[in-house]
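> Here is my input, please return the structure:
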Amino acid sequence: MSTTDSPEGVESTIPETPLLQLETQVDSPHACLRHVVVTIPRDEVRRYLKQEYDQLVPEAQVPGFRPGRAPRQLVEKQFKERVFERVKGSLLMDSLTQVTESAGFSAIGEPDFDFDSIELPDDGDFRYEFSVEVRPEFDTPVITGLSLNRSVEVVSDEDVMNSLNSLLQRYGRSEATEQPAAVGDELSINAVFSRNGQELSRLEEGTVFLRPALSFHDARMEGFGELMTGAVEGERRRGTLQLSAGHEDQELAGAEVDVEFEVIEVRKYHAPKLTTSFLDDLGGFESAEELRGFVRGSLQRQADYRQQQQLREQITSKLLESTSFDLPVDLVRRQTKRELERKVLELRRSGFSDDQIGLYSNTIRQNAQAIVESSIREHFILEKIAEENEIDADESEYEQEVALIAQQRGESARRVRARLEKQGQMDALRNQIVERKVIEMIVSQATITDVEASGSTSGELEQEHAVEFDVIPVVDEASAIPAAKYDDHGPATDDKS
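Numbering: from 1, shown residues only. Next up is the predicted model:
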């Protein structure tokens, strides 16, 4: 019995639901997997059946009897199938809750079993089994007193101008021309990809900017700019590209693929004029100076992000030196989609544009297994440190993250949050906040040496164009990694909704 306080200080007693008497056998086929066999004695099954029938009999409608007046034995016979199904569900739910709360492991996924295939027997114990992915067990590494280098990056006026030009390129005017293609031009192309004379895929009427390199979901083409410079409408040019070394099909990993490009149209780009109406439509900017300030702020957030990533890489590298556990291939594969979603959110709040996110996304796709495996290891370690130090995300931090994403996209925070909740990405946002707080805690306890960042990243968009396309078609579309974009592009006027 448990006691609760009622109004006026009068104590009331509420009967507690007794715990199930059950037996649990847990095997560990892998560091991240537990196979659990649960056995519930027949006496417990009878208790649940009695409770269910006790509630049903007073209301049961049986032909030939008034409601609630049919003999219990007749009710039990007529409603047996329905009652057994409900009791099975109750026993599964209650026992799973009890097992996961008392088990010596931390589940990271839902139990894997087929509800319909489990049967509640007429006699004997109720037995079922399931597998569940868990966080591996390991000793928490030492997190104090680390020696770290912190890269210091200065955002220059040239960086701002380059980034502004890249932003405006999406809103400029392009006109078809008969002139030969030059770097920076927009091309409308068809592309046929083949290997050993066998066609693999086709890209129809794709739009690309002529840049030195071309990036696909699963491949990269160096020398694209050199190959296509000077091409004119109707011309075909052939080249080769390389599939990613981490391609899911290991027989094709790193393989060369032939490609033939057909130029449908060459278009010259003309930058938009920064008129008052254009600035307002772009994102409610009142002046060109305010737009440049927005761009500078985005670049500073990008610089901060790179600094944090560099510190994070050093920290996790040191932590992983003293921590070892294996990850199953299936777990890595299933987490790839979640990792890309998390990365996109992280880049959004850090001020990166759609084009930059496209490049990062293709890089993740091309090296999915290595990148995702590393990210999962980092997450397990940082999550354990967070639990031990009682670090979590609060509502104000969710609001701040959503506000940063909304600012970058020129949307209302309410609309952005609604979309994240609909897409089930609030959990990814929570992990992002918690992991960053853990890193900040470790950095605060570390010995830091500031070093000047090497080179500028302001021209990265001028070197490569990202294409949303798989050279090797994805067979199972249901498991395909989603495109790293939302339902619109670039800054837009806040809808005030």
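
> low pLDDT regions in the chain?
1-17, 329, 455-462, 475-497 (pLDDT under 70).

> Quickly list the domain ranges of it.
Here the domain parsing of the chain from automatic domain parsing is 19-133, 147-157+284-466+473-479, 173-270.

> now those in TSV, with distance to residue 163 and mean neighbour count?
Quick note: C-beta positions are derived from backbone N, CA and C, even for glycine. Shown next, in TSV, are those (distance: least, C-beta to C-beta, whole Å; neighbours: other C-beta atoms under 10 Å):
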stretch	distance to residue 163	mean neighbour count
domain 19-133	38	14
domain 147-157+284-466+473-479	5	17
domain 173-270	15	17
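
> Looking at those domains, which is nearest to residue 276?
Residue 276 lies closest, by C-beta to C-beta, to one member of these: domain 147-157+284-466+473-479, at 8.1 Å.

> picking that back up, output the domains of the chain in JSON lines, with distance to residue 166 appended to each entry.
JSON lines is the format used below for these (distance: least, C-beta to C-beta, whole Å):
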{"stretch": "domain 19-133", "distance to residue 166": "39"}
{"stretch": "domain 147-157+284-466+473-479", "distance to residue 166": "5"}
{"stretch": "domain 173-270", "distance to residue 166": "10"}
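
> And the strands in the stretch 151-300 of the chain?
Secondary structure of the stretch 151-300 of the chain (DSSP state E, counting those that start in this stretch): strands at 173-177, 186-195, 198-209, 213-215, 219-222, 236-243, 256-270.

> So which of those strands is nearest residue 362?
Residue 362 lies closest, by C-beta to C-beta, to one member of the strands of the stretch 151-300 of the chain: strand 213-215, at 4.4 Å.

> and stretch 158-165, which residues are buried?
For stretch 158-165, the neighbour count (16 or more other C-beta atoms under 10 Å) marks 159-160, 162-165 as buried.

> how far does that stretch sit from the chain's center?
30 Å (C-alpha atoms, centre = their mean, to the nearest Å).

> what's the answer for stretch 75-87, then?
How far stretch 75-87 lies from its chain's middle: 43 Å, per C-alpha atoms, centre = their mean.

> Give me the phi and psi for the residue of the chain most remote from its centre.
Residue farthest from the centre of the chain, counting by C-alpha atoms, centre = their mean, is residue 64 at 58.4 Å. Main-chain dihedrals, residue 64, degrees, to the nearest 10: phi 90, psi -10.

> Ok, residue 65 next?
Dihedral angles (degrees, to the nearest 10) for residue 65: phi -130, psi 150.

> Any chance of CSV for the strands of the stretch 151-300 of the chain, columns distance to residue 103?
Below are those laid out as CSV (distance: least, C-beta to C-beta, whole Å):
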stretch, distance to residue 103
strand 173-177, 60
strand 186-195, 49
strand 198-209, 46
strand 213-215, 44
strand 219-222, 44
strand 236-243, 42
strand 256-270, 48
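
> thinking again about what came up before, out of the domains of the chain, which gets nearest to residue 140?
When the domains of the chain are compared (using C-beta to C-beta), the closest one is domain 147-157+284-466+473-479, at 5.8 Å.

> Now do the closest one: distance to the chain's middle.
11 Å.

> likewise stretch 151-168?
With C-alpha atoms, centre = their mean, you get 28 Å for stretch 151-168.

> ok, now stretch 73-93?
40 Å.

> could I have that stretch exported to PDB, CA atoms only?
Extracted in PDB, the C-alpha atoms of stretch 73-93 (Å, rounded to 0.1, in the frame of the first residue of the first chain):
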ATOM      1  CA  GLN A  73     -18.400 -19.700 -17.400                       C
ATOM      2  CA  LEU A  74     -20.400 -18.800 -20.600                       C
ATOM      3  CA  VAL A  75     -18.800 -15.300 -20.700                       C
ATOM      4  CA  GLU A  76     -15.400 -16.800 -20.400                       C
ATOM      5  CA  LYS A  77     -16.100 -19.200 -23.300                       C
ATOM      6  CA  GLN A  78     -17.600 -16.600 -25.600                       C
ATOM      7  CA  PHE A  79     -15.000 -13.800 -25.000                       C
ATOM      8  CA  LYS A  80     -12.000 -16.000 -24.500                       C
ATOM      9  CA  GLU A  81     -10.200 -15.000 -27.700                       C
ATOM     10  CA  ARG A  82     -10.600 -11.200 -27.000                       C
ATOM     11  CA  VAL A  83      -9.700 -11.600 -23.300                       C
ATOM     12  CA  PHE A  84      -6.600 -13.600 -24.100                       C
ATOM     13  CA  GLU A  85      -5.400 -11.000 -26.600                       C
ATOM     14  CA  ARG A  86      -5.800  -8.200 -24.100                       C
ATOM     15  CA  VAL A  87      -4.100 -10.100 -21.300                       C
ATOM     16  CA  LYS A  88      -1.300 -11.000 -23.600                       C
ATOM     17  CA  GLY A  89      -0.800  -7.300 -24.400                       C
ATOM     18  CA  SER A  90      -1.000  -6.400 -20.700                       C
ATOM     19  CA  LEU A  91       1.500  -9.100 -19.700                       C
ATOM     20  CA  LEU A  92       3.900  -8.000 -22.400                       C
ATOM     21  CA  MET A  93       3.700  -4.300 -21.600                       C
END
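
> What lies in contact with that stretch?
20, 40, 44-45, 48-49, 52-53, 56-57, 60, 62, 65, 115, 118-120, 126, 128 (C-beta atoms under 8 Å, 6 or more residues apart in numbering).

> if we go to 10 Å?
20, 22, 38, 40, 44-53, 55-65, 68, 70-71, 111, 113, 115-116, 118-122, 126, 128, 130 (C-beta atoms under 10 Å, 6 or more residues apart in numbering).

> Narrow the residues you listed to those in helices?
When DSSP state H is applied, the contacts of stretch 73-93 are split such that 44-53, 55-56 fall in helices.
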